[in-house]
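A.B. asks: fold the following.
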Amino acid sequence: MNKSVGIVLGLLWVVVACAREEKVADMNKTCMESTLAGAWYDANPSRLKAELEGYLRKAEGDADPSIFAVIVPHAGYAYSGPCAAVGMKALAARKELRRVVVLGFSHRISLPGRISLPARETHYRSPLGETPLDTEAIAELMKNPLFTDAPATRRGENSVEMQLPLLQVALEGREWKLVPVTLGQLDGDTRQEAAEALGGLMDGQTALVVSSDFTHYGPNFGYVPFRTNVEANLRRLDGGAVAKILAGDADGFAAYCDETGATICGQDPVGVLLRMLPRGFRARELAYDTSGRNTGDFENSVSYASIGFYGGGGAPAKKREAEKPKKAELSAADKKALLKMARKAIEQALKGDKPSDPEDLGVEPTPAMKQKMGGFVTLTLGGELRGCIGEIFPRRALADVVLDHAIDAAFNDPRFPPLTAKEFPEIHIEISALTPPVPVASYQDIEIGKHGMFIELRGRSAVFLPQVAPEQGWDLATTLTHLSYKAGLPGDAWRDPRATFTVFEAVIFHE
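C.D. replies: Numbers count the residues shown, from 1 in each chain. A predicted model of the protein is given here:
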C-alpha cells in the first residue's frame, strides 16, 4: 500500500468513526417536544422568530449584568409578549450564563406537594430548534423525594413552555442549558423545601425565570372586587403585590394575596423565588401591562408584569410559613346563620342601608364561617333563576363572601334587573360553599353532579356550579357545550386541546 492510499484510508476511517459517534449521540438524544406550537404561538419558525425578535427589539430597559432572576408573564405572545420580552432582554444582559432554570407551575394537573422535572429527556425542541437540558442538575434534583417526573404536567402547560422560544431568541448564539421546573400545588413548607433545593443551582452562572401572570379580573374569572375605575384599581391592586415582591417579603406577599384575593396564578413560583433571594439583592419593576389595555375591554382582564432581581444568586433563608389551620366543618347552625344573614343583607340593601360586615347584621362568625372559601349565592323566584354571583377561589372568609354576593346576586347580576321590594318576600336563597378548585387534565375527568367546572380558552372563561347540570338534566357533553356558550366561545370549544379545566365541589344549602 502506498503512502497516499494509506492517508486516504485513514481519513475515511476517521469520517466513519465520527459518523458512528454522531449516530450514537442521536440515538441517545430524547426531546421534550413543544406542545403549544400552532396553538399558543406560531409553528412556522420564520414567523415565530420574527415576532419574538420584534418584541425584543422594542423592549426598553437598562442592561444590568448583575441580574440573576426575572418574573415574566406566560399568556399568548399577542397579549403578554411585549411585557415578557422586557424581562427576557434584561436577563440577556447577564454575561456569565450557562444555565437557565424556568420555574412554572401546573394549571391543570393535580400534583400536591410535588415538583415535576423531565428526567428522561436530554433536549427541549421548539420550532426554533433544540436546547440541551442540564441532565446532571436534573438528575441531582431527582434524588430529592420532593421531585418527580410527571409528563402530563408538561403537555399543554403554558407557564413553562411560553418562556422557552422567547429564551431561545433572547439568548441566541450563547451556549446554555435548560432546567424546566413545573411546580405542583405547594404549601408553605414545600415552597421552602423547593427554595432550598433549587437554591443549590444558583452558582453565579445560573439565571432563574419565574413564570406568573398577575390579577385575573372579571366575571369570567369569578373575581370582581371593584366595578368602577377598573384600570386604575387593577394597577393599584397589582402594585400592592409588586411592592411585597420588590421587598422580598415572602410572608407579606402570601398575606396580601389572601387578604385582597388578588388572583396571581403563579403564587407558588413567586413564593419559591422570594425564599431564594440573597441578602443585599435589589429588585425593580421593568414593565407592566394588562390584556384590557391591549383589547380596550376591561370587563375581563389579565395583568402582566416583568420584575428583575439583581446582585447575584444565593441560598434561601430558613424561615418557614406558619402551618395552615385545619379545616372546620360548617354545622347546621352555621348554614342557618349564613342563610339568615344573606336575607337580612338584601333586606337592608333594599332600604338603602348596605351592611359592610356580618356583625352589622348581628352575626358573629364561627371558625367555620371565618374559613377562606369560595362561594356563590343563588336567588330563584318561582323556581326560575333570579340572580347568581360568587367567586371560586378561596381568598377570604366565607361569611364575607356570602354577605357581599347576596347583595350582588340581588342587585348586580347583569342578566337581571335589580330585585324589587315586591319580589323580595318570594325569593328563595341558596348558598354554595366551595372546596378549593383543582386543575384536571381533561374534561373527561369532570363528574356531573359532583364537580363544579371552570373552562378557560383564548382568554375567555366561564363557570358552572355542581348543581347546574343535574337541575337542567344535562349530560357532560351538553353541559360543556352550554359552558362554552357562557364563555362566549363556540359550542364545541370544550373539545379544543388548548382548553383548560378546573373543578371544585360544593356544600349546598338553602332556605
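A.B. asks: show me where the stretch 51-200 of the chain has its strands.
C.D. replies: For the stretch 51-200 of the chain, the strands identified by DSSP state E, counting those that start in this stretch occupy 67-72, 99-105, 115-116, 123-126, 129-132, 147-148, 177-183, in order along the chain.
A.B. asks: reformat the ones you listed as CSV; add mean neighbour count, distance to L208 and mean pLDDT.
C.D. replies: For the C-beta atoms, the positions are set from N, CA and C on the backbone; glycine is no exception. As requested, the strands of the stretch 51-200 of the chain are arranged in CSV below (neighbours: other Cβ atoms under 10 Å; distance: least, Cβ to Cβ, whole Å; pLDDT from 0 to 100):
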stretch, mean neighbour count, distance to L208, mean pLDDT
strand 67-72, 26, 4, 97
strand 99-105, 25, 5, 97
strand 115-116, 26, 14, 94
strand 123-126, 21, 17, 95
strand 129-132, 16, 16, 96
strand 147-148, 18, 16, 92
strand 177-183, 24, 10, 97
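A.B. asks: columns distance to Q472 on top of those, output as TSV?
C.D. replies: Written out in TSV, the entries for these read as follows (distance: least, Cβ to Cβ, whole Å):
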stretch	distance to Q472
strand 67-72	42
strand 99-105	34
strand 115-116	37
strand 123-126	43
strand 129-132	48
strand 147-148	40
strand 177-183	36
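A.B. asks: run through the protein and note the low-pLDDT ranges.
C.D. replies: 1-27, 312-327 (pLDDT under 70).
A.B. asks: can you count the residues close to K336?
C.D. replies: If you count neighbours by other Cβ atoms under 10 Å, K336 ends up with 12.
A.B. asks: could you list every helix and strand in contact with the strand or helix carrying it?
C.D. replies: Here K336, judged by DSSP states H and E, is contained in helix 332-350. Here helix 332-350 is seen to pack against helix 367-370, helix 398-411, strand 427-434, strand 506-510 when contacts are counted using 3 or more Cβ pairs under 8 Å, 6 or more residues apart in numbering; DSSP states H and E.
A.B. asks: what angle do the one helix or strand A283 maps to and strand 67-72 make?
C.D. replies: When secondary structure is defined by DSSP H and E, A283 falls within strand 282-290. Interaxial angle, strand 282-290 versus strand 67-72 (axes from the mean of the first three to the mean of the last three Cα atoms, to 10 degrees): 20 degrees.
A.B. asks: direction included, what does strand 282-290 pair up with?
C.D. replies: Take DSSP bridges as the rule and strand 282-290 pairs in its sheet with strand 301-310 (antiparallel).
A.B. asks: in the strand it pairs with, what's buried?
C.D. replies: Buried residues in strand 301-310, counting neighbours by 16 or more other Cβ atoms under 10 Å, are found at 301-310.
A.B. asks: setting aside sequence neighbours, what's the nearest residue to the residue nearest in space to the middle of the chain?
C.D. replies: When Cα atoms, centre = their mean is applied to the chain, the residue found nearest the centroid is C265 (3.0 Å). Take C265 and drop its neighbours on the chain: the residue closest to it by Cβ to Cβ, 6 or more residues apart in numbering is D213, 5.3 Å away.
A.B. asks: what does N294 give?
C.D. replies: Closest residue in space to N294, ignoring its immediate chain neighbours: Y79 at 5.9 Å, by Cβ to Cβ, 6+ apart.
A.B. asks: my read is that the one you found contacts G459, right?
C.D. replies: Yes - applying Cβ atoms under 8 Å, one finds Y79 in contact with G459, separated by 6.9 Å.
A.B. asks: coming back round to it: which SSE is the residue nearest to C265 in?
C.D. replies: In this assignment (DSSP H and E), D213 forms part of neither any helix nor any strand.
A.B. asks: now do the phi/psi pair for it.
C.D. replies: Here is the backbone geometry of D213 (degrees, to the nearest 10): phi -90, psi 170.
A.B. asks: which ones are touching it?
C.D. replies: The contact partners of D213, by Cβ atoms under 8 Å, 6 or more residues apart in numbering, come to 73-75, 80, 264-266, 302-304.
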